[in-house]
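**Student:** any chance you could fold what I've pasted below:
(chains A, B, C and D)
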2 protein chains.
Amino acid sequence: MGETLSRQEREKLRHRREILAVALKLFSDKGYHNVSMHEIAASAEFSIGSLYKFFKNKEDLYRSLMMEKGEGIIQILNDVLSQDEDVVTIIRNYIAAKAGIITNNIEIFRLHFAETQGASYNIKAGLEQKMRNYHRETIKKLACVLEKGIRAKALRQADPFYLAAALDGLTNAFLFCWLENPDQHPYEANVTLITELFLKGALE
Amino acid sequence: MGETLSRQEREKLRHRREILAVALKLFSDKGYHNVSMHEIAASAEFSIGSLYKFFKNKEDLYRSLMMEKGEGIIQILNDVLSQDEDVVTIIRNYIAAKAGIITNNIEIFRLHFAETQGASYNIKAGLEQKMRNYHRETIKKLACVLEKGIRAKALRQADPFYLAAALDGLTNAFLFCWLENPDQHPYEANVTLITELFLKGALE
DNA sequence: ACATAAAGTGAATATGCCGTCATTTATTGT
DNA sequence: ACAATAAATGACGGCATATTCACTTTATGT
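**Tutor:** Residues are numbered from 1 along each chain as shown, chains lettered A, B, ... in the order given. I've put the predicted structure just below:
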């Protein structure tokens, strides 16, 4: 399909993206509730009215932000988990891929963690549900990969879902270290340690 | 010190605690910003005016809530980590203790995760800083314990801080499973799996 | 019984922000 | 050059909610 967009349409898209980028920065710095539409408008150098031409309301803006970034991320992880490699290689690739994803999306993650975790029926219920499902799906996909490893007697006999959750948690731990102090705790430098820890444990 | 409080003083404290309990419930259900002082007042069966007799403002109420619960929790973990036992036993006790703590404080954790993670300078800056320090201190204390294990050649040669972070992340992963679905993923049932995974890894 | 203090109340105030819409400015086609 | 259409503007209405304070009720001490 030769999606030929007119200049005007391309400009419009660019403006939309600019607004989203500004909003992401502000939200991730200050939190959803502490950023006003006026502030976003001013920061993006548009009028408030214009914001409402692009997005139905504040929630819609937030929703668009999360969904559009989120889908790209899921895609990447899915690709890694669909590779035709042996389990250990895929695990290593998964750990490494997460590094790249986070590096390119710190703000999104900050925001996601700030607005989402725990609170079950916050506003944006539908969206968070969807994001959570994405996450769960990824974990499940990871679990499938691990299950093959278990059946091949490469991995320990255990519920693959828990193994997947464990790997997810392990990587997150290092990611948090890194988020708190990017210079002192570079995630990428620890990919090997994470892999080793997950596979062989902390003993000896 | 025989802190003899008059009946009136005891009542006042009780009222204060009741308000905090109600606020915790509401906050953890709906998120800080989606609960009004009026709602807390009504739910606690006090007038708004009374709330402001107890707490300077909404933020002060929240702050009190987090600090008072938080300090108790830190205390428990510190105790576990100060036991005079071998490393592996302490690790197991730590994992188990976390189960108890979370069981008794689900709301606090929901709330903490919802309001705190990631967003670096949200409101309540001072408080979150303090909470984060508490967490860091606990991790450090855990790291000290692990370091002894490393020196004794019981644990793998690695930065003890990272090992501590890893254990923290691993337990959190299971806690999240449990938070999302308490019946299907009881944390307590998995203490052994967590310990095994941390010590020996996923390989088999 | 009475005075004094403490606890409790809620209408009223002040603030801040979401979202609208009548109007202005820019762009396109003829 | 000139409609006709699309994009952009920002003052303003309306609403939710934090906080105050003048007042009422309850408790305490003499």
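**Student:** isn't residue A:195 right next to residue A:89, touching?
**Tutor:** No: look at residue A:195 against residue A:89 with Cβ atoms under 8 Å: they stay out of range, at 10.2 Å. C-beta: built from backbone N, CA, C; applies to glycine.
**Student:** ok, those two, which is more surrounded?
**Tutor:** residue A:195 (21 against 11; other Cβ atoms under 10 Å in any protein chain shown).
**Student:** near chain B, anything from the helix or strand where that one lies?
**Tutor:** With secondary structure defined by DSSP states H and E, residue A:195 is part of helix A:191-200. Yes: Helix A:191-200 lies within reach of chain B by Cβ under 8 Å from any Cβ of the partner chain, at A:193, A:194, A:196, A:197, A:198, A:199, A:200.
**Student:** isn't the first one right next to residue B:161, touching?
**Tutor:** Yep, that's residue A:193 we're talking about. No: with contacts defined as Cβ under 8 Å, residue A:193 does not count as touching residue B:161, sitting 11.5 Å away.
**Student:** who are the neighbours in contact with residue A:24?
**Tutor:** Residue A:24 sits next to A:65, A:69, A:107, A:108, A:111 when contact means Cβ atoms under 8 Å, 6 or more residues apart in numbering or on different chains.
**Student:** dump those into TSV; add pLDDT, neighbour count and distance to residue A:97 as well.
**Tutor:** Converted to TSV, the contacts of residue A:24 look like this (pLDDT from 0 to 100; neighbours: other Cβ atoms under 10 Å in any protein chain shown; distance: Cβ to Cβ, whole Å):
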residue	pLDDT	neighbour count	distance to residue A:97
A:65	90	22	22
A:69	87	19	16
A:107	80	18	19
A:108	83	22	16
A:111	74	26	21
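**Student:** now intersect those with the helices, please.
**Tutor:** If you go by DSSP state H, the contacts of residue A:24 have A:65, A:69, A:107, A:108, A:111 in helices.
**Student:** per-residue pLDDT of the closest residue to residue A:93 other than its chain neighbours, please?
**Tutor:** Of all residues not flanking residue A:93 in the chain, residue A:80 sits nearest, at 5.1 Å (Cβ to Cβ, 6 or more residues apart in numbering or on different chains). pLDDT recorded at residue A:80 is 96.
**Student:** residues near residue A:80, how many?
**Tutor:** Other residues lying near residue A:80 total 24 when counted by other Cβ under 10 Å.
**Student:** residue A:185 falls within a helix, correct?
**Tutor:** No: going by DSSP: H, G, I helix; E, B strand; the rest coil, the assignment for residue A:185 is coil, not a helix.
**Student:** so it makes contact with residue A:175?
**Tutor:** No: if you go by Cβ under 8 Å, residue A:185 and residue A:175 don't touch, sitting 9.4 Å apart.
**Student:** higher neighbour count, those two?
**Tutor:** Using other Cβ under 10 Å, the more surrounded residue of residue A:185 and residue A:175 is residue A:175, with 22 against 19.
**Student:** how close does the more buried one sit to chain B?
**Tutor:** Separation of residue A:175 from chain B (Cβ to the nearest Cβ, to the nearest Å): 9 Å.
**Student:** is that residue in a helix, a strand, or coil?
**Tutor:** Under three-state DSSP, residue A:175 comes out as helix.
**Student:** residue contacts, it?
**Tutor:** With Cβ under 8 Å, 6+ apart, residue A:175 has these contacts: A:98, A:102, A:109, A:187.
**Student:** swap in 6 Å and give it another go.
**Tutor:** A:102, A:187 (Cβ atoms under 6 Å, 6 or more residues apart in numbering or on different chains).
**Student:** also residue A:95?
**Tutor:** Here residue A:95 is in contact with A:171, A:191, A:194, A:195 (Cβ under 6 Å, 6+ apart).
**Student:** pretty sure the first one contacts residue A:98?
**Tutor:** To tie it back to what came earlier, the one meant is residue A:171. Yes: the criterion here is Cβ atoms under 6 Å, and residue A:171 meets it with residue A:98 at 5.2 Å.
**Student:** so which of these two has more stuff around it?
**Tutor:** Between residue A:171 and residue A:98, counted using other Cβ under 10 Å, the more crowded position is residue A:171 (26 against 23).
**Student:** just the element for the more buried one, please.
**Tutor:** For residue A:171, the element it lies in under DSSP H and E is helix A:160-180.
**Student:** that helix to helix B:191-200, inter-axis angle?
**Tutor:** 60 degrees (axes from the mean of the first three to the mean of the last three Cα atoms, to 10 degrees).
**Student:** may I have helix A:160-180 exported as CSV, CA atoms only?
**Tutor:** Taking C-alpha atoms only, helix A:160-180 is exported to CSV below (Å, rounded to 0.1, in the frame of the first residue of the first chain):
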residue,chain,number,x,y,z
PRO,A,160,7.6,-22.4,33.6
PHE,A,161,5.4,-19.4,34.4
TYR,A,162,7.3,-18.9,37.7
LEU,A,163,10.6,-19.3,36.0
ALA,A,164,9.6,-16.6,33.5
ALA,A,165,8.4,-14.3,36.3
ALA,A,166,11.6,-14.9,38.1
LEU,A,167,13.7,-13.9,35.1
ASP,A,168,11.5,-10.9,34.6
GLY,A,169,12.0,-9.9,38.2
LEU,A,170,15.7,-10.5,38.1
THR,A,171,16.2,-8.2,35.1
ASN,A,172,13.9,-5.6,36.6
ALA,A,173,16.0,-5.5,39.7
PHE,A,174,19.1,-4.6,37.7
LEU,A,175,17.0,-2.1,35.7
PHE,A,176,15.9,-0.4,38.9
CYS,A,177,19.5,-0.1,40.0
TRP,A,178,20.3,1.4,36.7
LEU,A,179,17.3,3.8,36.8
GLU,A,180,18.3,5.1,40.1
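**Student:** mind listing the strands in chain A by residue range?
**Tutor:** Per DSSP state E, chain A has no strands. Nothing in it meets that criterion.
**Student:** show me what the helix holding residue A:195 is packed against.
**Tutor:** Packing partners of helix A:191-200 (3 or more Cβ pairs under 6 Å, 6 or more residues apart in numbering or on different chains; DSSP states H and E): helix A:87-104, helix A:160-180.
**Student:** nearest to DNA strand D, out of these?
**Tutor:** Nearest to DNA strand D among the helices and strands packed on helix A:191-200 is helix A:87-104 (27.6 Å), distances taken as Cβ to the nearest atom of the strand.
**Student:** just the buried residues of the helix holding residue A:195, please?
**Tutor:** Residues A:191, A:193, A:194, A:195, A:196, A:197, A:198, A:199 are the ones in helix A:191-200 that count as buried (16 or more other Cβ atoms under 10 Å in any protein chain shown).
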